[in-house]
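Novice: Next one to model:
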Amino acid sequence: MNIYNQREAQQRMNELAKANKSFVFIISYNQKKAYIEELEHIDASEMLYAFPAINNIPTDKTASNNTPVEWIFDAPDRAEYQRSIEHVKTNQHNGNSYLTNLTCQIPIHTNLSMREIFLRSTAKYRCWVKNNFVCFSPEIFVRIEGQTIRSFPMKGTIAANTPNAAEILMNNAKEAAEHATIVDLIRNDLSIVANQVSVERYRYIDKLTTNKGQILQTSSEIVGQILPHYHTNVGDLVFSLLPAGSITGAPKSITTRIIAEAETYERGFYTGVMGHWANGNLDSAVMIRFIDTDGKQLFYKAGGGITAQSNDDDEYNEILEKVYVPIY
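Specialist: Sure thing, here's the model as predicted:
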């Protein structure tokens, strides 16, 4: 498979859409690397994908669903995480950012290969690239149907078995403020490529099932009508919205710089986007819930939104809660 740079990927997406050729796209966080593959040319031994409307999952999955999952991870270094969060908060107290998505990489040990994790996981959006990464994301990036574009930013989580979990989540002032910030950011982002942008649903709860139990997450739905130029230039549209606001922060530009200074690793394809285009419609996801490898060790990537009011221990523990796979 070819890896394209940003200019090449954007152009290729535009050209394939204009030729009405269906394709899958996987774009890295910094947009410097991308896979743009026509459906009919995808080699299932190199790339697997599963989106709500389409997948190339082999009929012979070759992954036993009966094998118990072994799942151990090495908790992130607490002191290193503290240095990162303090750098973020210093910038926030100086007025440079009011929400920053801080992430880290976590070594994991499992009896499953990345391909087996893809085959056994149940997330709405999944992809696997041989010897590189696997992603099993619940978070929609944007959906396009005709002239309508929708985004569903997801912010705020809690273990579902917590007593009064839904009430606690909805009444958490920090989570509510963080969610409001992201909704405002995504609304502004969509206004780059659309007009008549509005919030149709605000802070509704989804329930996700994982190998560690159920969790509740809050999302919102934002809708707009695509501007004429972007009807025929889907690559321009997608890249105009990157990086995704939900995994950077606000304001986006300077917060992205703060993230680069605070994080101690390269995100790569983690927190990029993946999706599918066909017949004028597009469905895509933010690449959270992500595992990659350096060739020897598997790493789970996880993070959360930091504000000046964040409790450092709570944020660290939230990362640990997110190290799961949707296998049950």
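Novice: thought residue 306 was touching residue 101?
Specialist: Yes. Between residue 306 and residue 101 there is a contact at 7.4 Å, judged by C-beta atoms under 8 Å. From N, CA and C alone the C-beta is placed, and that goes for glycine too.
Novice: shared neighbours of these two, which are they?
Specialist: Counting by C-beta atoms under 8 Å, 6 or more residues apart in numbering, the contacts common to residue 306 and residue 101 are residue 249.
Novice: on contacts alone, who are the packing partners of the helix or strand where residue 317 lies?
Specialist: Assigned by DSSP states H and E, residue 317 falls within helix 312-321. In this structure, helix 312-321 packs against helix 78-93, strand 99-110, strand 154-159, strand 298-306, with contacts taken as 3 or more C-beta pairs under 8 Å, 6 or more residues apart in numbering; DSSP states H and E.
Novice: Which strands and helices lie in contact with the helix or strand that the second one is followed by?
Specialist: Going back to what we said before, that points to strand 99-110. Going down the chain from strand 99-110, the next helix or strand is helix 114-120, by DSSP H and E. The contact analysis (3+ C-beta pairs under 8 Å, 6+ apart) places helix 114-120 against strand 47-51, strand 125-129, strand 133-137, strand 290-293.
Novice: List the contacts of helix 114-120.
Specialist: Around helix 114-120, the neighbours that count as contacts under C-beta under 8 Å, 6+ apart are 48, 50, 57, 61-63, 65, 69, 110, 112, 126-128, 130, 133-134, 136, 291, 293, 298, 325, 327.
Novice: List the contacts of residue 43.
Specialist: The contact partners of residue 43, taken as C-beta under 8 Å, 6+ apart, are residue 1.
Novice: now swap in residue 136 and tell me
Specialist: Applying C-beta under 8 Å, 6+ apart, we find residue 136 in contact with 117-118, 121-123, 125-126, 289, 325-326.
Novice: ok, now with 7 Å
Specialist: Residues in contact with residue 136, defined by C-beta atoms under 7 Å, 6 or more residues apart in numbering, are 121, 123, 126, 289, 325-326.
Novice: Could you do residue 189 as well?
Specialist: Residues 241, 245 are the ones in contact with residue 189 under the rule C-beta under 7 Å, 6+ apart.
Novice: can you tell me how far it sits from residue 238?
Specialist: Here residue 189 is placed at a distance of 12 Å from residue 238 (C-beta to C-beta, to the nearest Å).
Novice: Within its sheet, name the partner strands of the helix or strand of the chain with the lowest mean pLDDT and how each one runs.
Specialist: In the chain, no helix or strand scores lower on mean pLDDT, DSSP states H and E than strand 154-159, which sits at a mean of 81. Using DSSP bridges, the neighbouring strands of strand 154-159 in the sheet come out as strand 213-226 (antiparallel).
Novice: What pairs with the strand ranked longest in the chain, parallel or antiparallel?
Specialist: Determined from DSSP state E, the single longest strand within the chain is strand 194-210. The sheet places strand 194-210 alongside strand 213-226 (antiparallel), with pairing taken from DSSP bridges.
Novice: So which bits of the partner strand are buried?
Specialist: If you call a residue buried by 16 or more other C-beta atoms under 10 Å, then strand 213-226 has these buried ones: 215-224, 226.
Novice: Residue 157 reaches residue 217, doesn't it?
Specialist: Yes. At 5.0 Å, residue 157 counts as touching residue 217 under the criterion of C-beta atoms under 7 Å.
Novice: in the stretch 201-328 of the chain, what spans have low per-residue confidence?
Specialist: Residues of the stretch 201-328 of the chain that meet the criterion pLDDT under 70 lie in 211, 328.
Novice: Just the buried ones from the contacts of helix 114-120, in PyMOL syntax?
Specialist: The buried residues among these can be selected in PyMOL (16+ other C-beta under 10 Å) with this line:
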select buried, resi 48+50+110+112+126+127+128+133+134+136+291+298+325+327
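Novice: Stretch 228-247: end-to-end distance?
Specialist: End-to-end distance for stretch 228-247, by C-alpha to C-alpha, to the nearest Å: 28 Å.
Novice: typo on my end, stretch 264-284
Specialist: As for stretch 264-284, its first-to-last residue distance stands at 28 Å under the measure C-alpha to C-alpha.
Novice: Please identify the buried residues of it?
Specialist: Of the residues in stretch 264-284, those scored as buried under the neighbour-count criterion (16+ other C-beta under 10 Å) are 267-278, 282-284.
Novice: Which of those fall in strands?
Specialist: For those, secondary structure assignment (DSSP E) places 273-278, 282-284 in strands.
Novice: one step back: which two among the buried residues of strand 213-226 are spaced furthest apart?
Specialist: Checking the buried residues of strand 213-226 against each other with C-beta to C-beta, the farthest-apart pair comes out as 215 and 226, at 32.9 Å.
Novice: partner residues bridging the nearest residue to residue 203 once chain neighbours are set aside?
Specialist: Leaving aside its chain neighbours, residue 203 sits nearest to residue 218 (4.9 Å; criterion: C-beta to C-beta, 6 or more residues apart in numbering). On DSSP bridges, the residues paired with residue 218 through beta bridges are residue 205.
Novice: Double-check residue 218 against residue 155; I have them as touching.
Specialist: Yes. With contacts counted by C-beta under 7 Å, residue 218 reaches residue 155, the gap being 6.5 Å.
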